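1. take a look and give me a structure for this.
(2 chains)
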Protein chains: 2
Amino acid sequence: MYHGPVINVTEVTETGSGSRGVIICIFLDLASLQESKMMRVMLVLAYMAMAFGFAPAAFRSVRTSRYSDVSMKLGADEKVIVIGVAADSGCGKSTFMRRLTKVFGGENVGPLGGGFEAGSWETNTLVSDKTTVICLDDYHANDRQGRKVSGLTALNLKEQNFDLMYEQIKALKEGKSIAKPIYNHVNGTLDTPETVEPTPIVIIEGLHPLADSKVRDLLDFTIYLDISDDIKFAWKIQRDMAERGWTLEQVKESIEQRKPDFSAYVAPQMEFSDVVISVLPSEISKEEVGKHLKVKCIQRTDKPGFSPAYICSPDATVSVTPNTDAVKVGPTCGVTLASYKSKYYGNDVQVTEMDGKLEDINDYVNVEKILSNTGSTTAGELANDMIKVGPNSPGSMDGTGLFQTLTAYKLKEFYDATVGNK
Amino acid sequence: MYHGPVINVTEVTETGSGSRGVIICIFLDLASLQESKMMRVMLVLAYMAMAFGFAPAAFRSVRTSRYSDVSMKLGADEKVIVIGVAADSGCGKSTFMRRLTKVFGGENVGPLGGGFEAGSWETNTLVSDKTTVICLDDYHANDRQGRKVSGLTALNLKEQNFDLMYEQIKALKEGKSIAKPIYNHVNGTLDTPETVEPTPIVIIEGLHPLADSKVRDLLDFTIYLDISDDIKFAWKIQRDMAERGWTLEQVKESIEQRKPDFSAYVAPQMEFSDVVISVLPSEISKEEVGKHLKVKCIQRTDKPGFSPAYICSPDATVSVTPNTDAVKVGPTCGVTLASYKSKYYGNDVQVTEMDGKLEDINDYVNVEKILSNTGSTTAGELANDMIKVGPNSPGSMDGTGLFQTLTAYKLKEFYDATVGNK
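-> As a prediction, the model looks like this:
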C-alpha cells in the first residue's frame, strides 16, 4: 500500500547530453489493500512523513518539479538497460529503489504524475534525469473488483498482463515511448494510461518481473529482494499490530493466507536472479527475532559484465569480526562479515554476508575496507554514500543498507560495462 | 650440533658498489653435544646431505669459493644493520637462516672458513656478498671442558661472554673488523679467532642474542623462533629415537634436564622480540601431534620501520579457509589462515597464522593473495620464492616456511626503510 506515487521517492542523476538508458522492474504486493479507506489515508500520510524524514530535500524539490522539467530524452543509438527487481511489499522496497537509482546520479527525481499540483495525476512511475522506475502493479489484468470476480489474488500469474508488459518493455528498449496503464492502489482501479518515455535505465519493480520468460528475456540484470518468513512475520507483527491495531491472530492469518500463492508465483523467481539479497534473523543477536538481521548478498559468478563483491579472496571461506574500535557495536549484537562460494538453485554464486548492526554509521568506512570488488571507484566512496544518507534510513545500520547500496554500485558497474562506458 | 660451518648454507646477494650493512644474530643449542664422536661425524654427514638436497647449486658453488672471492666491503658511511635471531637448535634454524639471508640477494654464500680445502679453517660464521651470520656459540665463556668444571650448561647466561659479544658487535656496527673466537662444535673447544669484516647486514644467531641488555640495545631488529614443547618433543622423538637409537625414556630425560635452564635463560627473550614465529601443534589435523603444525607470526605493531603483515584488515579478527581448488589439501589436514590483534608480553601485536599443510607448493600463489602487507614488491613474489626453493625444504609446505619467508621479506622492507633505500 505504501508504494503510492508520492511515497516512492527516488533520487537520480541528470542525464546531460550523452545520457544512456536502463530499465528496472519492481514488485508490488496488493494483498495488504484490505484496510478501510481512513486507514489507507493515514498510512499514506505516515509513509509520506517517513519519506520526508529520510530525504527531505530531494523529496521536497520533487514535489515542485514537473515531468516536463525532467530531461530524460534518450540519445540517438543509445542503449536502454532494463533491470528487474523482484521484491515483496513491506520489505523496504522504496528505500532499495532510492539506493538503486541514486548511484545512477542526479537530483531530479519524482513521480511521473508530478505530485499534488494542478494538472498532475496519480502514478506509480518514478522518473529522474536518467532512470525510470515502473511499478508492475500497473500491469494487473484486472482491477480489485475484477479480482473479486476471478477469485484470484494479485500474486497469481493469471492476474498479470504479461503480454502487454512484454510489448511495452520491448518498446522502451527500442527507444519508443509507451502508453502504460496505471493501477490505482487507493481505489484498486485501472486508471487512464500515462505516457512513459524511454530513459537510459528502466527499472521494473514488483512481484513478477522475472516470472514470465518472455519478459525475463528482455531484462539485462535481475535482482530479488528475499525476506525470510521469520523476518516478514516479525516485521508484520510490528507494523500491523502496533500501527494498524491488528491482533496477533489476524497477522498470522494474513500471512498464512498469502503463503501458498507467494510460494507458487513469487519465490520461484529467485532462481532467475543475478543478485538475491536475502534477509534472515541474526545469528549473533541476543534480542528477539527481527530486531537484528543477517543479510546475504548472493551473487551469480557467471554473469557477463558482473563480478561479485567478496571479502579477502573469492577462492576462500572468510569470516571477519571487526575490532570494536574500528566498528562499534551495541551490548546485544556485534557485527560479523563473511564471504564464500556456494551453489544457489544449481548456479555458482559468491555469497557475501553481514550479521548484526552498526552503532555509528561512520564506521562503514572500516566495513568498506573489509570488502573487495565493491564497485567503488575511490576508497570510502560506498561508505560515504551511506553516511550521507544517514542512520535513519531503513536498514542503513545493517546488512540491508550495506548490500542494497553495494548492489547499486555493482549495477552501475554492470551498466557501464554493458553500454561501453568503460 | 648441525650448525657446523658446512651445514649452515646461507644464500645471499652481491653487494655491488653501494652496498649496505646489516647484522643478524642466531642461537645455538649446545645441550645436544653429548653423542659419541662417531655419531657426531655421522650427523654432520647426514646434515650435509640434507643441505645438499636443499640447495645443491648454491652449496656446491660455495664449496669452491673462498673468503677472498666474496666482495663484502662496507661502503663509506654505510650503515650496518644488526639482526638478532634467537632460536633453539633442532628447530630448522639453518633453513630459517637460508630464508632470511636469501632475500638480501646474491649467490655468493658460504662459511667464512672456506670449506674443506687447503688453507680453510673450521668456522661457524657464514658470509655472503651482503650478509654475515655469526653463531653466538663462538662467545661461550668456556669450552666443553670448562663447563664440566663450572657445572653449568651452555644455556646458562654465565657461560656466555656477553662483554666480548657487545664489544665486537659494536665494532662491526662502527664498520670495524673483529677477531672473533670460534667455538668448535665437534671438539667442544675454543679455536683460534678468525677475522670478520663488517657487512651491510650482520645476523647474530643463537640461544642468547637478546638476553643481555647491552647487546640487545645494539640490535636493529629481533626475532625469536619459538617451538612449543609438544612439537619439540615430537621432533626430538623422531630424531633421537629413529635416527640416533635413543629410547623414549632417554628422550624424555634429555628434554626434562634441559627445560629449567631453557625457561630461565632462553624463553624470556620472547618479550624483547619484534617478531616471534611460534610453532604449535595443528588444531585441524587428524594425525598425531607433530605431524601437522599451526604457526603463528607474532608481530609488534609499534616498531618503527616495520608494519605487520595481516589478512584482509588489521582492524579485525579474520579467519580464512581457502577453497580446495585454490589450495589443495590432504585427507588428514586442511589449511586455514587467521589474523587478529592481540597482546604479547604486554605489547601490542598483530598475529597472522596458518594451520595445516599444503599438498602442492604452487598453491602458495593463492595463499599469498590472502595475505596483505607481505613486503612483496610484485604479485606472487613471495610465493614464487617459496616455489623456487621447492617442497623438500623443511617446513616449506606449512606455516613454518611461509612465515619464515614472510619474516625475511619484512626484514628486507625494514632494512630498506632503515638505511633509507626507499
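2. could you point out which element follows the lowest-mean-pLDDT helix or strand in chain A?
-> Scoring the helices and strands of chain A by mean pLDDT, DSSP states H and E places helix A:56-64 at the bottom, with a mean of 27. Where DSSP states H and E defines the elements, the next helix or strand beyond helix A:56-64 is strand A:80-87.
3. sheet partners, orientation included, of that next one?
-> Under the criterion DSSP bridges, strand A:80-87 sits next to strand A:21-26 (parallel), strand A:201-206 (parallel), strand A:221-227 (parallel) in its sheet.
4. pLDDT of the next helix or strand after the last one, averaged?
-> Secondary structure here is assigned by DSSP H and E; on that basis, the next helix or strand after strand A:221-227 toward the C-terminus is helix A:229-236. Confidence over helix A:229-236, taken as the mean pLDDT, stands at 89.
5. stretch A:285-299 too?
-> Here the average pLDDT along stretch A:285-299 is 95.
6. that one vs chain B: in contact?
-> No. If you take Cβ under 8 Å from any Cβ of the partner chain as the test, stretch A:285-299 misses chain B, and the best it gets is 16.0 Å. All C-beta atoms are positioned from the backbone trio N, CA, C, and that covers glycine.
7. repeat that for stretch A:362-372.
-> Yes. Judged by Cβ under 8 Å from any Cβ, stretch A:362-372 and chain B are in contact via A:Asn366, A:Lys369, A:Ile370.
8. rebuild these as JSON lines, extending it with neighbour count and pLDDT.
-> Shown next, in JSON lines, are the residues of stretch A:362-372 next to chain B (neighbours: other Cβ atoms under 10 Å in any protein chain shown; pLDDT from 0 to 100):
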{"residue": "A:Asn366", "neighbour count": "22", "pLDDT": "97"}
{"residue": "A:Lys369", "neighbour count": "18", "pLDDT": "95"}
{"residue": "A:Ile370", "neighbour count": "23", "pLDDT": "96"}
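9. please identify which helix or strand holds the residue of chain A positioned farthest from its centre.
-> What lies farthest from the middle of chain A is A:Asp325; by Cα atoms, centre = their mean that is 32.5 Å. Assigned by DSSP H and E, A:Asp325 falls within no helix or strand.
10. so what's it closest to, chain neighbours aside?
-> Spatial nearest neighbour of A:Asp325, chain neighbours left out: B:Asp315 (7.2 Å); criterion: Cβ to Cβ, 6 or more residues apart in numbering or on different chains.
11. which element is the nearest residue to A:Lys343 once chain neighbours are set aside on?
-> Once flanking residues are discounted, A:Lys343 sits nearest to A:Val349: 6.9 Å by Cβ to Cβ, 6+ apart. Using DSSP H and E, A:Val349 sits within strand A:347-356.
12. now stretch A:368-384 - C-alpha only, CSV.
-> Written as CSV, here are the backbone C-alpha positions of stretch A:368-384 (Å, rounded to 0.1, in the frame of the first residue of the first chain):
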residue,chain,number,x,y,z
GLU,A,368,34.1,-1.0,3.3
LYS,A,369,37.9,-1.6,3.8
ILE,A,370,37.0,-5.2,4.5
LEU,A,371,35.1,-5.6,1.2
SER,A,372,36.7,-6.2,-2.1
ASN,A,373,35.4,-5.5,-5.6
THR,A,374,32.6,-3.3,-4.4
GLY,A,375,32.4,-1.1,-7.5
SER,A,376,33.7,1.9,-5.5
THR,A,377,35.9,3.9,-7.8
THR,A,378,37.6,5.7,-4.8
ALA,A,379,38.4,4.5,-1.3
GLY,A,380,35.5,5.1,1.1
GLU,A,381,33.0,6.0,-1.7
LEU,A,382,30.4,3.5,-0.8
ALA,A,383,30.7,4.2,2.9
ASN,A,384,30.4,7.9,2.3
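13. quick one: buried residues of that stretch?
-> Under the neighbour-count criterion of 16 or more other Cβ atoms under 10 Å in any protein chain shown, stretch A:368-384 has A:Glu368, A:Lys369, A:Ile370, A:Leu371, A:Ser372, A:Asn373, A:Thr374, A:Gly375, A:Ser376, A:Leu382, A:Ala383, A:Asn384 buried.
14. now that stretch, how far from the centre of its chain.
-> Centroid separation for stretch A:368-384 versus its chain: 21 Å, with Cα atoms, centre = their mean, to the nearest Å.
15. swap in stretch A:188-202?
-> Put simply, stretch A:188-202 sits 18 Å off its chain's centre (Cα atoms, centre = their mean).
16. what's the span of it from first residue to last?
-> Terminal residues of stretch A:188-202 lie 25 Å apart, using Cα to Cα, to the nearest Å.
17. show me what counts as buried in that stretch.
-> Buried, per 16+ other Cβ under 10 Å, within stretch A:188-202: A:Gly188, A:Leu190, A:Asp191, A:Glu194, A:Val196, A:Glu197, A:Pro198, A:Thr199, A:Pro200, A:Ile201, A:Val202.
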